[in-house]
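In: no sequence on hand, only this structure:
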């Protein structure tokens, strides 16, 4: 290797390192800047309501009373419901496609599942109104009430529009993200691992459980977190089926409201500064909730990863 | 006994996975079928070449909105994909565990949770108010802000999976770190990175809320990137919220086109990059 | 291999970009032509989604005779229209609810005028098995339903106004708009004017703290909830109810007469109302035997002092055309016409719009 070559390569190294560092830092700057912009815009509302903004249940633009609790509740319940439904199904799809399906079938079905991500959310919303909500009202909710009605979650009049509809539609929307990322992650597991497990006499499921899943764990969690981020911030589809009622009721059948939905619903028609700033403060709280949830998720991944050694590469 | 149990369990779990896949496909066909049913009848050549027309006049299209969406998604991708991938490279190749990378990961997660309309409002204040007018640039910028964290997150996951032995092989051959990353690590993960990028493109292509405050919309062709610019989601939104059935049909047709566009982009990207992946 | 494909991709993208510039080359703003009338101008407006279809069609029609003018109007919501015109990121706004005094003081470009563009009516629509098409719902009954006090369709108070009609024993589900909207503003304005309880408990606004019911997103959302839910009642803009064949209720007006929502009864409400000089007025529960009580204006928001002569002239000319000849397009789209008495007053307002002290039209 000539001297010149060494010089240029080390320069290339330096350049790439600096460039990537710059981009990484720019993300931090972007977050700080977005946070600051939102904080700045939310200031009148923060000053006026203080902490009561988070604990107050009344949202009354006419009387200039703003409390975010019902929206926080609706967002958390629907997003968690979506995650509970979509994470296992998405993972199931990924396992099926990656470990079981023939390669042609895999390509087609995998593509189909990713297409779920291509559908604009307003279309999901319209489908929710005209197909999902009536089905829930007439079939699913009466059934749930009949068999599981002793749990408060499944009590009350079936209306169709409510948290169950919101959670379901979110589940459909985040499914492709979870499935696609889990699948890519599993595809990256070296075949040697699988063969080793099979050679030891493992069944297919045991092989998946022992050789594939631990290795892909961190990536799967990443996919789930991406899905959660989408669920928390999703607006259009949720607002069309959730019933948009700022109430806190235990039943999943009951109408509720979400944070992103109230911002999108009311921002363009908000007519005074305090109102606008209250809406931005909801955005700020959503920001905070995402932060906290991600913090706990990372903690979870970290503590799991400390158990049987997975995620790290051979 | 134990043997039977294991086989039984194996069979059961495999059935569960097949079941999950079927369940996942039901809403897809439901929603797609619904869009096709409602949108196909309004779809014709004029839809792709004409400008929107007033209610009731035949032959209205969304050519400008299709072009506008392509342009703004392109701007967003041109900004978002390189920034996202480079930042992800930093996180996986240079600095996995420092406080800085933890902070960046954190920032990424938080950014994914910002409702898109808030992004629109912030860009409105920062760009539109300062420039004094709505523009495709502002629209593309707001979409880029939404894209960046999505790209970082998925790219990082994919890069993490590239085996260390591949990197070490590169170093052992005396290839520089930058070259190893660019020529070996990235191509190895290319398929996954593209999948992630495509999911992000699909996500922003359908966004309405951030564009209302940044690109606004336009009934005509925009002459430059510095003018209000039409986009499919905004046009669909305006038609879908109107009282008229003719416009509702156009909205459905627009949705169908938007879906087809994303699918096409997806296929093109896969085709273009297929030969690169190992 | 890859490079070739990449280049191909680049070519395709360039072609797409080029395409977007086609057909716009001939319009070059600021070209001096000597005559104010023939100057080209590009106007951008945004706001009320209610007037969007009408303005859209008016613009298209107007451009047939004035191809040098392009007017880009986008429906981004009344609140957004007010915000954007106040911050001068657009040339004109449009709103379904008048700006408040406070808002008018906070504009960047001085005094904003409210110029009525059209009239809207809000229809009360319902989905009740076996109910007739024009159910009669008295003002106080309507208020009590939306307050959650009347909860069943077989309530005696509903039956009183509808002799001979047997309404089912069915729970009432109230549906309302969840997105802020001018329709909600007009509807709540009306309920506030006839029910003291509504006024004190809820009040009027583009978004409310609803005492009862489900929220649907947009007209389509509300219509969806109503169509999908037996026993429901809600409100929609008239055009939406007509276009989608939904049954709507007759309302009792100020004179005590039962009036169905229609273009004529809406115009009648505007003709009978007393309208102040600045045009910021509510016309709900207007006097007049034929007046439909749940109606309101949509206004264009225009700065009194224009800062660009070509744009200002084009804007004033267009609005002047819109309130005169442009009204002919109203009925085909289910909008009510502005009453003639009002149009002449609006014309005076347009004449007061100036550029550097000079009126833009005479």
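Out: The structure has been received and is ready for your questions. Bear in mind that the values here come from a model prediction, so they are computed numbers and not experimental data. Residues are numbered from 1 along each chain as shown, chains lettered A, B, ... in the order given.

In: got the contact list for whichever helix or strand residue A:141 is part of?
Out: Secondary structure assignment for residue A:141, by DSSP states H and E: helix A:141-148. Contact partners of helix A:141-148, identified using CB atoms under 8 Å, 6 or more residues apart in numbering or on different chains, comprise A:154-156, A:158-160, A:164, A:253. C-beta: built from backbone N, CA, C; applies to glycine.

In: tell me which helix or strand comes right after that helix.
Out: Past helix A:141-148, further along toward the C-terminus, the next helix or strand under DSSP H and E is helix A:163-187.

In: touching chain C at all, that next one?
Out: No: contact between helix A:163-187 and chain C is absent, the nearest approach being 11.1 Å (criterion: CB under 8 Å from any CB of the partner chain).

In: ditto for stretch A:119-129
Out: Yes: when contact is scored as CB under 8 Å from any CB, part of stretch A:119-129 falls within range of chain C: A:125-126, A:129.

In: just those residues that are near chain B?
Out: Near chain B, judged by CB under 8 Å from any CB, the entries from the residues of stretch A:119-129 next to chain C are residue A:126.

In: burial count for residue C:247?
Out: Other residues near residue C:247 come to 17 when the count uses other CB atoms under 10 Å in any protein chain shown.

In: correction: residue C:44
Out: The burial metric for residue C:44, expressed as a neighbour count using other CB under 10 Å, is 22.

In: who touches the helix or strand it falls within?
Out: Secondary-structure assignment from DSSP H and E places residue C:44 in strand C:41-47. With CB under 8 Å, 6+ apart as the contact definition, strand C:41-47 has outside contacts at B:133-134, B:216-217, B:228, C:27, C:29, C:55, C:68-78, C:80-82, C:84-85, C:90-95, C:300-301, C:310-311, C:313-315, C:318.

In: can we see that at 6 Å?
Out: Here strand C:41-47 makes contact (CB atoms under 6 Å, 6 or more residues apart in numbering or on different chains) with B:228, C:29, C:69-74, C:76, C:78, C:81, C:84, C:90-95, C:310-311, C:314-315.

In: what subset of those residues is buried?
Out: Of the members of the contacts of strand C:41-47, the ones counted as buried by neighbours, 16 or more other CB atoms under 10 Å in any protein chain shown, are B:228, C:69-74, C:76, C:78, C:81, C:84, C:90-95, C:310-311, C:314-315.

In: low-confidence stretches in the stretch 201-314 of chain A?
Out: Within the stretch 201-314 of chain A, the stretches with pLDDT under 70 are A:300-314.

In: could you dump the residues of stretch A:119-129 next to chain C to a markdown table with pLDDT?
Out: As requested, the residues of stretch A:119-129 next to chain C are arranged in a markdown table below (pLDDT from 0 to 100):
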| residue | pLDDT |
| --- | --- |
| A:125 | 85 |
| A:126 | 81 |
| A:129 | 84 |
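
In: and which of the residues of stretch A:119-129 next to chain C is nearest chain B?
Out: Distance ranking of these against chain B, using CB to the nearest CB, places residue A:126 first at 7.5 Å.

In: starting at the chain centroid, how far to the helix or strand containing the closest one?
Out: In this structure, residue A:126 sits in helix A:121-127 according to DSSP H and E. Computed by CA atoms, centre = their mean, to the nearest Å, the chain-centroid distance of helix A:121-127 equals 18 Å.

In: could you do stretch A:30-44 as well?
Out: For stretch A:30-44, the distance from its own C-alpha centre to the chain's C-alpha centre is 23 Å (CA atoms, centre = their mean).

In: now do stretch A:62-74
Out: The gap between the average C-alpha position of stretch A:62-74 and the chain average comes to 22 Å, counting by CA atoms, centre = their mean.

In: quick one: is that stretch near chain C?
Out: Yes: for stretch A:62-74 and chain C, the contact criterion (CB under 6 Å from any CB of the partner chain) is met by residue A:62.

In: now do the same end-to-end measure for that stretch.
Out: Terminal residues of stretch A:62-74 are spaced 22 Å apart (CA to CA, to the nearest Å).

In: which outside residues touch that stretch?
Out: By CB under 6 Å, 6+ apart, the list of residues contacting stretch A:62-74 from outside reads A:53-59, A:246-248, A:256-259, A:262, A:274, A:278, A:282, A:285, C:203, C:205, C:208.

In: how many other residues sit next to whatever residue of the stretch 201-350 of chain C ends up closest to chain A?
Out: Of all residues in the stretch 201-350 of chain C, residue C:215 sits closest to chain A, at 2.8 Å by CB to the nearest CB. Counted with other CB under 10 Å, the neighbours of residue C:215 add up to 31.

In: what distance do you get for it to chain B?
Out: With distances defined as CB to the nearest CB, to the nearest Å, the gap from residue C:215 to chain B amounts to 15 Å.
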